[in-house]
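S.K.: A predicted structure for the sequence below; I have some questions about it.
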Amino acid sequence: MTSVLPSSQWWRSAVIYQIYPRSFADSNGDGMGDLLGIRDRLPELAELGIDAVWLSPFYTSPQRDAGYDVADYCDVDPLFGTLDDFDSMTARAHELDLRVIVDLVPNHSSSDHRWFQEALAAAPGSDERARYIFREGRGENGELPPNNWDSVFGGQAWTRTENSDGTPGQWYLHLFDSTQPDFDWHNPWVRRQFEDVLRFWLDRGVDGFRVDVAHGMIKADRLPDWTPPVAGGSMGGTGTAADAAELAASRAPYWAQDGVHEIYREWRRVLDSYDGERILAAEAWVDPLTDMANWVRPDEMHQAFNFPYLETPWAAEPLRAVIDASISAFSAVDAPSTWVLSNHDVVRHASRLALTAVNPQGHGIGPRSAGLPNPELGLHRARAATALMLSLPGSSYLYQGEELGLPEVIDLPDEAREDPTWFRTNGERYGRDGCRVPIPWEADAPSYGFGPTAASWLPQPADWAPFARDAQRNVSDSTLTMYMMALALRRAHELGMGELEWLDSGDKTVLALRNGDVRVYANTGDAAVALPAGEVLLASGPLGDGKLPADTTVWLRA
Ligand code: GLC
Ligand code: CA
């Protein structure tokens, strides 16, 4: 099957909608979303006005990290359907003029993968072990891990194996869960397997890959010890101690090593040998943006997720700084900037933007977290932030449910949580379940129309009926209507291919810009300001008479 859509550098301005298959739509009522569920809901996404969908993993997997632990890269997990279902879903998407991007998880496999099981069964020093990163332990009897690295999910990054006679053996590296052993990407065998995986999905007609942990595949030679800085993350490029810590964290000997680029150049050659314009999008948590731009040089990937933008608080000054830094870093390598506010790893922006505390990736919030967000304030800011984002030139990513204004689900019962982060930190970090709850389609149906039954793999809040898609459709002031209007205007005014020019708003808290024939004013402050003159094309919230209220963005005809 080949890609049927015309090529036009579509990815430079595309709006790409992330589907989290577990939680999008369930066709058979078992409480788990699946590929046929997705297929049947695609018309609603076409109506929303997006250009492409990106699907998080649906491959064979024991689901220890919600499918980011792949046990067969070339098959569909029965939980989600079959390869035929995938083909049928892709065909439907292409009929609707939607491109399909799939997730590629090359840093690690599941420990259930045949390649790892063979490695465990083989002797130290064997070709099978050389697929992964096995090492002898330190200490007199190898009882200490080979180095001091921590897992991203908490705890140590090494697990000791057992020899066939029951004695303790070598250790293997896992930057994430112990069920996610890291590959050794210096090994040409590994590279060949993944080239086959790319071809397998390209032959099935996919339009691209989102590449998981694209900053982690190569580790520094000799795996040196490394002690991370104290603070865990930041909410924007504001020059704080947390920023410095984040910058230092992105310098760990397992992140952003030069050797990764050669791999992407090889992949790019594979993609370019196919018809259509198939793309690679990097999940690379690399600071600063000028370094991240190395992932999207002309012969590497097409896009990289703009996490510095996602992490920026709702405030005019840092937003302007990160937007400038993004456009300048990416345009220096002739790549479009991307923009993103939510995904399956972070607190949904309708909650996050009302948090005051630093909220690092993957930490999540729960009933016992300090400083819980005010939902009305969060939604207000989220709508304003989205209206700003969708006015910017470049490509934007949306995460399923944000078009409904969904908040983070905070009060999930402890026993419902599934994120390995929660278990590996003994509940100290809530993890990411709160942004992964199955989304509501119909206000009055069981599981809010997520599936034909009331089943839902994570419990849905009792008060979600007003968020359901059918409750928001054709309602003039709903979040869904705002997204549809913004996407339609963005297309009509070709904002994705436009150019940004800053305007003087006369107020420190109000961002003002022009993109082509649209002027945008985003009031990030907490007081209303005078509404600039002009025909209103879009407003993220109600406009007081002659006023642009706090936390509101407006688009005017220039
Ligand atoms: C990426 C994914 C995340 C996953 C991790 C390990 O960060 O987005 O969900 O847990 O990689 O694969
Ligand atoms: Ca199902």
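M.R.: It's in. Numbering: from 1, shown residues only. Ligands and ions are numbered 1, 2, ... in the order given.
S.K.: need the residues of this protein near ligand 1, please.
M.R.: Within reach of ligand 1 by Cβ under 6 Å from any ligand atom, the chain has these residues: 65, 68, 105, 176, 212-213, 283, 344-345. Where C-beta positions appear, they are placed from N, C-alpha and C, glycine not excepted.
S.K.: Just the buried residues of the residues you listed.
M.R.: 65, 68, 105, 176, 212-213, 283, 344-345 (16 or more other Cβ atoms under 10 Å).
S.K.: From these, which land in strands?
M.R.: Taking DSSP state E, every one of these sits outside strands.
S.K.: how about TSV for these, with distance to residue 493 and pLDDT added?
M.R.: Formatted as TSV, those follow (distance: Cβ to Cβ, whole Å; pLDDT from 0 to 100):
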residue	distance to residue 493	pLDDT
65	40	98
68	37	98
105	37	98
176	42	98
212	34	98
213	36	98
283	30	98
344	30	98
345	32	97
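S.K.: quick one: which of these is nearest ligand 1?
M.R.: residue 68 (3.4 Å; Cβ to the nearest ligand atom).
S.K.: Which parts of this protein are helices?
M.R.: Secondary structure of the chain, counting by DSSP state H: helices at 35-48, 83-95, 114-121, 188-203, 241-249, 260-272, 289-292, 307-310, 316-331, 349-352, 375-389, 420-424, 469-472, 479-492.
S.K.: Ranking those by mean neighbour count, which comes first?
M.R.: Burial of the helices of the chain is given as mean neighbour count (mean count of other Cβ atoms under 10 Å); helix 349-352 ranks first at a mean of 28.
S.K.: could the helices of the chain be laid out in TSV, adding distance to ligand 2 and mean pLDDT?
M.R.: Below are the helices of the chain laid out as TSV (distance: least, Cβ to the ion, whole Å; pLDDT from 0 to 100):
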stretch	distance to ligand 2	mean pLDDT
helix 35-48	6	98
helix 83-95	11	98
helix 114-121	26	98
helix 188-203	22	98
helix 241-249	38	64
helix 260-272	31	98
helix 289-292	36	97
helix 307-310	30	96
helix 316-331	38	98
helix 349-352	26	98
helix 375-389	29	98
helix 420-424	22	96
helix 469-472	19	98
helix 479-492	24	98
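S.K.: Could you export the ones you listed as JSON lines, including distance to residue 438?
M.R.: Formatted as JSON lines, the helices of the chain follow (distance: least, Cβ to Cβ, whole Å):
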{"stretch": "helix 35-48", "distance to residue 438": "10"}
{"stretch": "helix 83-95", "distance to residue 438": "18"}
{"stretch": "helix 114-121", "distance to residue 438": "31"}
{"stretch": "helix 188-203", "distance to residue 438": "26"}
{"stretch": "helix 241-249", "distance to residue 438": "32"}
{"stretch": "helix 260-272", "distance to residue 438": "33"}
{"stretch": "helix 289-292", "distance to residue 438": "32"}
{"stretch": "helix 307-310", "distance to residue 438": "23"}
{"stretch": "helix 316-331", "distance to residue 438": "32"}
{"stretch": "helix 349-352", "distance to residue 438": "17"}
{"stretch": "helix 375-389", "distance to residue 438": "19"}
{"stretch": "helix 420-424", "distance to residue 438": "18"}
{"stretch": "helix 469-472", "distance to residue 438": "13"}
{"stretch": "helix 479-492", "distance to residue 438": "17"}
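S.K.: of these, which approaches residue 553 most closely?
M.R.: helix 375-389 (3.8 Å; Cβ to Cβ).
S.K.: could you measure residue 483 against ligand 1, distance?
M.R.: 23 Å (Cβ to the nearest ligand atom, to the nearest Å).
S.K.: quick one: that residue and residue 48 touch, right?
M.R.: Yes - look at residue 483 against residue 48 with Cβ atoms under 8 Å: they come within range, at 6.5 Å.
S.K.: Now for the two: what residues contact both?
M.R.: residue 403 (Cβ atoms under 8 Å, 6 or more residues apart in numbering).
S.K.: Let me see the contact set for whichever residue of the stretch 201-350 of the chain sits closest to ligand 2.
M.R.: When scored by Cβ to the ion, the stretch 201-350 of the chain has residue 344 as its residue closest to ligand 2, at 17.9 Å. By Cβ under 8 Å, 6+ apart, residue 344 lies in contact with 18, 20, 56, 66, 399, 432, 435-436.
S.K.: Now tabulate these in TSV and tack on distance to residue 127 and pLDDT.
M.R.: Output for the contacts of residue 344, formatted as TSV (distance: Cβ to Cβ, whole Å; pLDDT from 0 to 100):
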residue	distance to residue 127	pLDDT
18	37	99
20	37	98
56	32	98
66	31	98
399	41	99
432	36	97
435	41	98
436	38	98
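S.K.: Sounds good, over and out.
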